[in-house]
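**Q** Next one to model:
(4 chains)
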There are 2 protein chains.
Amino acid sequence: MSNTESGTLSAAFNRGKVMSRDCPSRAILKHVTSQWGVLVLVALMEDTHRFSALRRKIGGVSEKMLAQTLQQLEQDGFVHRVSYPVVPPHVEYSLTPLGKDIGRRVADLADWIELNLPTIIKARQSLA
Amino acid sequence: MSNTESGTLSAAFNRGKVMSRDCPSRAILKHVTSQWGVLVLVALMEDTHRFSALRRKIGGVSEKMLAQTLQQLEQDGFVHRVSYPVVPPHVEYSLTPLGKDIGRRVADLADWIELNLPTIIKARQSLA
DNA sequence: GTAAGTACACACAAAAAGGTAAGTTTAATG
DNA sequence: CATTAAACTTACCTTTTTGTGTGTACTTAC
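**A** The predicted model follows:
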């Protein structure tokens, strides 16, 4: 039996087969749900930040990872980067409308986990 | 089973500072937002699945990764595992209420990405 | 009798992610 | 004059993650 996927005639333009190995969504998903990607989005949901401010805010990020993460999110159109060519470099990062849209969902997820952390921890212990 | 949430009294007050290096939320976040964790949650939002059904549905997962992911999600209290001790092993995986709650958010995220994929791809190209 | 299907575990290897330290540029500070 | 600070980049190395292949116990199908 074949898969019980959408089954519509518009197979050539399938609107989302995350389940298939080569769906482009997977790449975006990886950027957004990456360890540092999540935290960058959460941080930028609050406010615009400079590179070093983000670094201080997100405990544990290395400069390398923060830079890499920001570049990915910028390429995907979620993060807006503004560079002021001044003497000590000054760069500001903020979310694009698209970034705010997805950032809301990511932050929602993170918030939910924080809120339900006690419950989750209890669930874990009862299975230990 | 004496348990203070995070252990020490000083840490007992922070009810989830994802931004701090040692916040327990980070571990849960990693399980949930892991490459396969996301897809397992999305799949199980639709219906209960057997191990091999999940494997077939989620393109690209290896048995090892699927097993590992399911165990993590089970430990966190998101996935319910029912094993029927029959001749060819039969195990069913489903979401707990907690799992459905978080699964909804994860699926929402995945859906959003699928829906906005064209926009994202355009954004990417305009920066290339 | 042999192959296939089921739900894994285990060992080994390859790949990817991540960390560390150093370098860059130029102005202000001490 | 040396240091600091910004926002990175690059090289190098360690850690983590992921894949591959094998085995198990048993039954049904061919």
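
**Q** Which residues are in contact with residue A:44?
**A** If a contact means CB atoms under 8 Å, 6 or more residues apart in numbering or on different chains, then residue A:44 has A:54, A:79, A:93-95, A:99, A:103 as its contacts. Heads up, the C-betas are built off the backbone N, CA and C, glycines and all.

**Q** swap in residue A:73?
**A** Counting by CB under 8 Å, 6+ apart, residue A:73 has contacts A:31-32, A:37, A:40-41, A:79, A:99.

**Q** For stretch A:71-87, C-alpha coordinates in PDB please.
**A** The C-alpha atoms that make up stretch A:71-87 are tabulated as PDB, following Å, rounded to 0.1, in the frame of the first residue of the first chain:
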ATOM      1  CA  GLN A  71      24.200  34.100   9.800                       C
ATOM      2  CA  GLN A  72      21.900  31.200   9.200                       C
ATOM      3  CA  LEU A  73      18.900  33.000  10.600                       C
ATOM      4  CA  GLU A  74      19.800  36.000   8.500                       C
ATOM      5  CA  GLN A  75      20.000  34.000   5.400                       C
ATOM      6  CA  ASP A  76      16.600  32.400   6.100                       C
ATOM      7  CA  GLY A  77      15.200  35.900   6.300                       C
ATOM      8  CA  PHE A  78      14.400  35.800  10.100                       C
ATOM      9  CA  VAL A  79      17.100  38.100  11.300                       C
ATOM     10  CA  HIS A  80      17.900  41.600  10.200                       C
ATOM     11  CA  ARG A  81      21.400  42.800  10.500                       C
ATOM     12  CA  VAL A  82      22.400  46.400  10.600                       C
ATOM     13  CA  SER A  83      26.000  47.400  10.600                       C
ATOM     14  CA  TYR A  84      27.200  50.800  11.400                       C
ATOM     15  CA  PRO A  85      30.700  51.200  10.000                       C
ATOM     16  CA  VAL A  86      32.100  53.000  12.900                       C
ATOM     17  CA  VAL A  87      35.400  52.700  14.700                       C
END
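
**Q** In contact with the residue most central in space within chain A, which residues?
**A** Residue closest to the average C-alpha location in chain A (CA atoms, centre = their mean): residue A:32, at 2.6 Å. Taking CB under 8 Å, 6+ apart, we find residue A:32 in contact with A:38, A:41, A:73, A:76, A:78, A:102, A:106, B:109, B:113.

**Q** Pretty sure the last one sits against residue A:25.
**A** So the one you mean is residue B:113. Yes - using CB atoms under 8 Å, residue B:113 is in contact with residue A:25, at 5.0 Å.

**Q** hmm, back to that, quick one: which of the contacts of residue A:32 is nearest DNA strand C?
**A** residue A:38 (10.2 Å; CB to the nearest atom of the strand).

**Q** what number of residues lie near the closest one?
**A** Other residues near residue A:38 come to 24 when the count uses other CB atoms under 10 Å in any protein chain shown.

**Q** Give me the secondary structure label for it.
**A** When classified by DSSP: H, G, I helix; E, B strand; the rest coil, residue A:38 comes out as helix.

**Q** can you pull the contacts of the nearest residue to it once chain neighbours are set aside?
**A** Of all residues not flanking residue A:38 in the chain, residue A:106 sits nearest, at 5.6 Å (CB to CB, 6 or more residues apart in numbering or on different chains). By CB under 8 Å, 6+ apart, the residues touching residue A:106 are A:32-33, A:38, A:41-42, B:109.
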